[in-house]
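Student: Generate coordinates for the sequence data below:
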Amino acid sequence: MNHTFHIPVLGLGYSIDTPLKVARYGISSVVSIVDDELTERMRKYHQEKTVGGYTLISKKEDDSRAKRITAYLNLLDLLVKKQFTDLKTQTFEEGTDLSRYFELLPDTSSIKQQYEAMMALEAEVPKAIIQEQLIAAMVPGTIDVNIMSKVDKANYKANQEYAGDDFTDALAAMRGFANSTLNSSVIISAGLNPRLYTYMEKCNAFYPDADGKLQKKIILKVSDFRSALIQAKMLAKKGLWVSEFRVESGLNCGGHAFATEGFLLGPILEEFKQKRQELAEELYQMYQAALQSKVDVKVIKPVQRITAQGGIGTAEEHQFLLNYYELDAAGWGSPFLLVPEATNVDDDTLNDLVTARANDYYLSNSSPLGVLFNNFRKSTAEQQRIQRIEKGRPGSPCTKKFLCTNTEFTELPICTASREYQNLKIKQLQDQQLSETEYQQQFDAVTEKVCLCEGLCASTYIKAGILKPRENKAVSICPGPNLAFFHAQYSLKQMINHIYGRENLLSEVLRPNLFINELNLYVDYLKKDIAAQLEELTAKKDKYFSKFKSQLLNGIAYYRDLIPELTFQHSESVEEMLKQLQLAEQRLS
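Tutor: Just a heads-up that it's a prediction; the model follows:
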């Protein structure tokens, strides 16, 4: 990579075609392949606009989910390669995409420095030689994909017969990626799925080629060192190499939030830093032994990257993470929702994000997965949810069925955000003769669930102009709390300049350090969790809370010791950070 940042997956649709917008500039991004209906419709949209010859892959076809995903990824690969080839034929002049490629690079990039030196030359001969060298050094951004391992619904044939383990949602999506022409990575998020790992062992795409190189790589999105070690060992023993650990803040991120037991980002990254070589060596020994029994190729020790994401908001924070924790790159997600050149946010939602304030972003129980979800109060999906309750018709029609996991009332799984489930659950509550207060609490918990399958795609369909006449146009969006500090629409150049310190988009904004932001989110989370358990506080839960508090206090002590390393900060900022650490400690006490 020539850039030191990547754009993580953003919902289902917000980054579904981001590679077509940024990959030619060397910027890597992540596409969700959870929804094959979305990938198919976007394939139609982009294929008809570019190469033509679109043919529908019907859901009735055998293995249609995998085929749809493969077809879409192949199209992205084809179009990005064409864009990149065309870009390299352009001239080194102001305003061309070729020049833009180099102008967007970080100032520390050797090829950017070479580019600037070349542009200052007047003699044509050395200039032409340097231009050839620059073009040879260019690489496009990768088209990486994301699979939520727990979104793995079982599928059934028309006669209600089980389709088989290889045709569950996560496995079919993995097959779709493995069969594609992409030379990139799959990011596995949302926890451990042993069945998925067992299936990956059968995919030749994840093994090295005759030259010992990996064409398809594996990235684990993790929230702590222990989970990274457990999952990576499972894969290494199968002859599968983890090429990157993508460490994400448990709470200071967008989308689903997977809170740790009080472990904060700084101490987590410190553990990765201290144990990085040991980890790579231990995994390589397992990987090498397993691989030698599977494939007859030269085993070359692959590279293992470590990156971080979640709540990064300034160039200083970005550079500190890279330098101090020796990271290979950092992820910038939610701020790119305000960059129309990079992501799919419809005009109304974009305006709502621009004018939003901190209390518009909140951690909710809205997800049918039963996992905490970063929600946005001003979203039209949230407004629609409330209106449906007021009309006595809570819940959503369930058309896509990706999150159907509940069998409390039905033989086949249904979604807890569906109208069917919520009606059945509310009737059950009504029969239980609960007090008015208790009934309302449980009613609110049931009806808080919202359909994400449609809501996280709606904005993309609206922006592309392909929303169908009777299709739900209510938009769900899941930015991280860090977006509350950004209050404008930005160009791609502005955002990248901000990341690299050439421009400051937050110069007029009072914003705590990313470590303080995350710490406060965890203290709020613990406080809310304790309040919910006070009436029935068990010894087990009491022990959990004590451990959680202890880990946060350890984190506070770690940050106090870290402050001298934060040399980029002004003295007032250091004093403010010390004050915030003290306040957090008092709240915990």
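Student: Now do the contacts for residue 555.
Tutor: Taking CB atoms under 8 Å, 6 or more residues apart in numbering, we find residue 555 in contact with 262-264, 266-267, 519. Where you see a C-beta, it was placed from the backbone N, CA and C, and this is true even at glycine.
Student: redo that, cut-off 6 Å
Tutor: 264, 267 (CB atoms under 6 Å, 6 or more residues apart in numbering).
Student: just checking, it is part of a helix?
Tutor: Yes: counting by DSSP: H, G, I helix; E, B strand; the rest coil, residue 555 is part of a helix.
Student: For it, report the pLDDT, please.
Tutor: pLDDT, residue 555: 97.
Student: And residue 572, by the same measure?
Tutor: As summarised for this prediction, residue 572 has a pLDDT of 66.
Student: What pLDDT does the model give residue 193?
Tutor: 92.
Student: how far away is the residue nearest to it when sequence neighbours are not counted from residue 54?
Tutor: Closest residue to residue 193 apart from its sequence neighbours, by CB to CB, 6 or more residues apart in numbering: residue 149 at 3.7 Å. Shown here: residue 149 relative to residue 54, a distance of 31 Å by CB to CB, to the nearest Å.
Student: I'd say the residue nearest to residue 193 and residue 197 touch.
Tutor: No: using CB atoms under 6 Å, residue 149 is not in contact with residue 197, being 8.7 Å away.
Student: tell me the domain boundaries of this structure?
Tutor: What automatic domain parsing lists as the domains of the chain is 5-200, 512-589.
Student: Quick one: those as a markdown table, columns for distance to residue 324 too.
Tutor: Below are these laid out as a markdown table (distance: least, CB to CB, whole Å):
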| stretch | distance to residue 324 |
| --- | --- |
| domain 5-200 | 16 |
| domain 512-589 | 6 |
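Student: Which of these has the lowest mean pLDDT?
Tutor: Ranked by mean pLDDT, these end with domain 512-589 at the bottom, a mean of 90.
Student: Residue 1: neighbour count?
Tutor: By other CB atoms under 10 Å, the residues close to residue 1 number 14.
Student: tell me the secondary structure for the closest residue to residue 446 other than its chain neighbours?
Tutor: Computed as CB to CB, 6+ apart, the closest residue to residue 446 that is not its neighbour in sequence is residue 425, at 4.9 Å. Using three-state DSSP, the secondary structure recorded for residue 425 is helix.
Student: Looks like residue 425 contacts residue 448 (just checking).
Tutor: No: checked against CB under 6 Å, the pair residue 425 and residue 448 is beyond contact range at 11.9 Å.
Student: Looking at these two, which is more packed in?
Tutor: More crowded of residue 425 and residue 448, by other CB under 10 Å: residue 425, with 22 against 19.
Student: where does that one land on pLDDT?
Tutor: Looking at residue 425, its pLDDT is 97.
Student: The closest residue to residue 242 other than its chain neighbours: neighbour count?
Tutor: In this structure, residue 242 finds its nearest non-sequential neighbour in residue 232, 4.5 Å apart by CB to CB, 6+ apart. Neighbour count for residue 232, taken as other CB under 10 Å: 24.
Student: Residue 232: helix or strand, and which one exactly?
Tutor: Applying DSSP states H and E as the criterion places residue 232 in helix 225-236.
Student: Kindly export that helix (C-alpha atoms) in CSV.
Tutor: Taking only C-alpha atoms (Å, rounded to 0.1, in the frame of the first residue of the first chain), the coordinates of helix 225-236 have been written out as CSV:
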residue,chain,number,x,y,z
PHE,A,225,-5.3,-9.9,21.6
ARG,A,226,-6.8,-13.1,23.2
SER,A,227,-9.6,-13.5,20.6
ALA,A,228,-7.0,-12.8,17.8
LEU,A,229,-4.8,-15.6,19.1
ILE,A,230,-7.6,-18.1,19.5
GLN,A,231,-9.0,-17.6,16.0
ALA,A,232,-5.6,-17.3,14.3
LYS,A,233,-4.5,-20.6,15.9
MET,A,234,-7.6,-22.4,14.7
LEU,A,235,-6.9,-21.2,11.2
ALA,A,236,-3.2,-21.9,11.3
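Student: Run the chain-centre distance for it.
Tutor: The chain centroid and the centroid of helix 225-236 are separated by 19 Å under CA atoms, centre = their mean, to the nearest Å.
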